[in-house]
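[1] Here is the input, now give the coordinates:
(4 chains)
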Amino acid sequence: MKYHVFTRNRSGDDMIHAGTVQADSDRLARIYAHRTYDEEDWDFMGVVREEDLLEVNEEPISSRGVA
Amino acid sequence: MIEDVSEMTEGYKKALKATLKVSADTELMSAPAYYEMSMNAPTLDSRASCISVIQDELGHGHIAYRLLEDLGEDREELIYEREPHEFRNTYGFDQHLETFAELVSAHGMFDRAGMVLLSDIEANTSYAPWKRALRKVGKEEQFHLRHGETWMRRLVNNSEKTKQRVQDAVDWMFPMGIEWFGMPDGKKHNTDQLDYRIKGKTNDELRQEWMSHTVPLANELDLDVPAHFDDEAEEYVLEYDMPVAFDADNKEWRFDEPIGWDDVLDRWRSRGPANEKYVNMLQSGKLEVKV
Amino acid sequence: MSADAESRWPAVARDYVQAIADTKLLLGQRYGEWMLKGPNLEDDISGASNGQDEIGQVRQLFRLLEKQGVDRDWLETDREPAEYANAQPLDEEAEAWPTFMVQVALSDRAAWLLLDAIRHEDFTGMVQKMGEDEYFHLEHHDARLETLAVDQPEAVEAALERYFPGILAFIGPATYGAGEDPLVEADFTDRAVAEIRGAFREHYVDLFAGTDVTVPALTDDVPDPDEWDEKRRRSGDGHIDQRVADQLQGVTNREYVIE
Amino acid sequence: MSANTAGTGTAGFSIGPEEDADEFEQELWATVDEVPDPHIPVSLVDMAMIYDIEVDAGEVTVTMTYPCMGCPAYDMIQDDVRAVLRTVRGVTDVTIEVTWDPVWSKDMLTDRAREELRDAGIGL
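    The predicted structure follows:
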């Protein structure tokens, strides 16, 4: 499974998308994220499964039947 | 700046992928190239430093393959399913490193070449995700350079014998670093990387940049390299006609045997002596699990 | 440097720390051997990190041993393979990934439990710092073993059976219970070996609960207390290969040691 | 909590020379303060890695720690400290003692280090 890794430098900062890891479980994803992206002493680090990341789209309402 | 694949033309995407592939494969293949001598490092402290360098290189490879994945490539396939000759890493990491002097000289000179290339991309690339990812890479490569240069200095000052070992390493690594940056600007026909602003500097500019670090280092350490700064031309000049033939078995450059760039490209394409071994090392675990 | 009488550890404590240090030295070796051939790039990166951590810890344990009068050159570069007191499962290079994972998981966890039991002031802060590394090692193993227990239960179980006796010998004999463990008696550790054995096995019983993997039982005659070598924390005279000792000692690159 | 736990960010843990340090000790601290951390642009003193500097008739003992036990620059940092102190007039020998008590934490960083790291965009 693919996981996205998010980090925050210090409290009050915005979250950064640090990258991704491939892992067979959530538990492994946490370890891999730490091992791969520990170049800073992050204030926060978290992982999200790609399948759980929902894109939010802005789409025009269909004109049919609206008027 | 370009953030997403949807903003790219086909030409841009193709040029970006090709550049990323060379970068990813080069980072990854430096790990097996550094492996043998790191596991045979002379002291516990140097063993720790050398393994740390390998960890960084694997991490840098990871970053570049992840970026390729975002462009639609399959990372598993790229790492575990390609044939050795399909890897696009620099020829330098197809070589066996056989002494600790060669290992630390590679940290000092080959990683400098990587650093020069990636610093240019970090500063000038139009592909924003790569630019962001390179910040970490630059910080870590700084340490590799420091490690390599510190050890080169230690060995040069230690004894005539260890100094000679460093000189022997530099003798074949310096011209390989020169070749690393590719064809001279005047001979190069494909300028996609620059046209699409995937990188900012030309091959010759990058080569100059590399020499501006490695030639003064060699001078300071009293090591001979076939290049010097020319006051009149205000640039570094080579003391041989690039490119020249390379005897891969003996790691010797035949400076009196000029060749064409087509010959260099052929040599690169047929890969160097350690190519198969290194790729097999990296792929062995995967194969075993699949059985 | 020699320790004055006041700060001198009892001989049995010196042997104990030596065995932990050598186990970590060999863990560094095995992690290194596998850092390029894990099943994915993330495992390689984690393996290289673990290897680097172990060498860092060995460096500190060797420093303390040197203060206790152990010769530094002997520790680093001047030893026969049979003089290494590493946990017996680390004598060999595992031939496959699940075997490797069990080998390092058992060895790393056992070494950590022995280390964490030390209550001597020379270790204040140091063991806590090592624990910061170890959290990630042990989590990586357990998370990997969880997936392997599902994908390749036979391989995991076979490796457990292969390595359990050796790792129990490293932890120590069942006869070292409360009131009988010389290290507890010397006030060097605060947990008897028998207690650590129980906690160790319990951990894996919990980890593999609900899978097809059965954890070997604790038997009081493994290791046989009469055969057990207190110095090398094992039974028998097995040892690492000469080739591995040469790598650890940097034999081929000896000329690059700066005096 | 294990028996081996040391305090972190210990209250009253101070960086730099004691208030009653003489001029020579002050100079030694100022000298070590010139040695940069190899990974980030602050000095070892500002990184709070130097716990103590003692002098006994020209023989200097530096007690220091590391943020990370497996530090890849472990010996290089010690070489740097030794090299820079040996240039100080009156120093005859330099010994480095490594300690983990108290365990280093980023709470120990000096305010100057915090500012510099913030300016450099580094999170520590």
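[2] Could I get the pLDDT score of residue D:36?
    According to the predicted model, the pLDDT of residue D:36 comes to 88.
[3] is it in a bridge, and if so with what?
    Taking DSSP bridges as the rule, residue D:36 bridges to residue D:43.
[4] what's the distance between it and chain A?
    The spacing between residue D:36 and chain A, counted by C-beta to the nearest C-beta, to the nearest Å, is 18 Å. For glycine as for every other residue, the C-beta is placed from the backbone atoms N, C-alpha and C.
[5] same question, residue B:9
    Shown here: residue B:9 relative to chain A, a distance of 23 Å by C-beta to the nearest C-beta.
[6] Repeat that for residue B:220.
    When distance is defined by C-beta to the nearest C-beta, residue B:220 is 30 Å away from chain A.
[7] Could you count how many residues lie near that residue?
    The criterion is other C-beta atoms under 10 Å in any protein chain shown. On that basis, residue B:220 has 12 neighbouring residues.
[8] likewise residue B:244?
    Here the count is done by other C-beta under 10 Å, and residue B:244 has 20 residues near it.
[9] Show me what it is bridged to.
    Judged by DSSP bridges, the bridge partners of residue B:244 are residue B:258.
[10] Check the gap between it and chain C for me.
    With distances taken as C-beta to the nearest C-beta, residue B:244 is found 30 Å from chain C.
[11] Wait, that residue touches residue B:254, no?
    Yes. Under the contact definition of C-beta atoms under 8 Å, residue B:244 touches residue B:254, with a separation of 5.9 Å.
[12] Can you tell me the SS state at residue D:30?
    Three-state assignment for residue D:30 (DSSP: H, G, I helix; E, B strand; the rest coil): helix.
[13] Near it, how many other residues are there?
    Neighbour count for residue D:30, taken as other C-beta under 10 Å: 13.
[14] Need the pLDDT of it.
    Note for residue D:30: predicted pLDDT of 94.
[15] And residue B:141, by the same measure?
    Reading off the per-residue confidence, residue B:141 sits at a pLDDT of 89.
[16] Might you report the residue contacts of it?
    Applying C-beta atoms under 8 Å, 6 or more residues apart in numbering or on different chains, one finds that residue B:141 lies in contact with B:56, B:60, B:111, B:114, B:115, B:118.
[17] Quick check: phi and psi at the first one.
    Note on residue B:56: its backbone torsions stand at phi -60, psi -50 [degrees, to the nearest 10].
[18] Narrow the contacts of residue B:141 to those in strands?
    Of the positions in the contacts of residue B:141, not one sits in strands, assigned by DSSP state E.
[19] I'd like the residues you listed as JSON lines, with pLDDT appended.
    Formatted as JSON lines, the contacts of residue B:141 follow (pLDDT from 0 to 100):
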{"residue": "B:56", "pLDDT": "94"}
{"residue": "B:60", "pLDDT": "94"}
{"residue": "B:111", "pLDDT": "96"}
{"residue": "B:114", "pLDDT": "95"}
{"residue": "B:115", "pLDDT": "95"}
{"residue": "B:118", "pLDDT": "95"}
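[20] tell me which of those residues is nearest to residue D:29?
    Checking the contacts of residue B:141 against residue D:29 by C-beta to C-beta gives residue B:56 as the nearest, at 32.6 Å.
[21] Which residue is the nearest non-sequential neighbour of that closest one?
    residue B:140 (4.3 Å; C-beta to C-beta, 6 or more residues apart in numbering or on different chains).
[22] ok, the one you found to residue B:226 distance?
    Distance, residue B:140 to residue B:226, by C-beta to C-beta, to the nearest Å: 30 Å.
[23] cool, and residue B:210?
    Distance, residue B:210 to residue B:226, using C-beta to C-beta: 14 Å.
[24] Look at those two and report which has more neighbours.
    Looking at residue B:210 and residue B:226 with other C-beta under 10 Å, you find the greater number of neighbours at residue B:210, namely 23 against 17.
[25] Quick one, grab the pLDDT at that one.
    Residue B:210 is given a pLDDT of 98.
[26] residues in contact with it?
    For residue B:210, the contacting residues are B:112, B:113, B:116, B:177, B:178, B:180, B:181, by C-beta under 8 Å, 6+ apart.
[27] Can you get me a residue count around the third one?
    Put plainly, it is residue B:116. 24.
[28] Likewise for the last one?
    Residue B:181: 22 surrounding residues under other C-beta under 10 Å.
[29] got a pLDDT number for it?
    Here, the pLDDT recorded for residue B:181 equals 96.
[30] cool, and the one 4 residues further on?
    We note a pLDDT of 93 for residue B:185 in this prediction.
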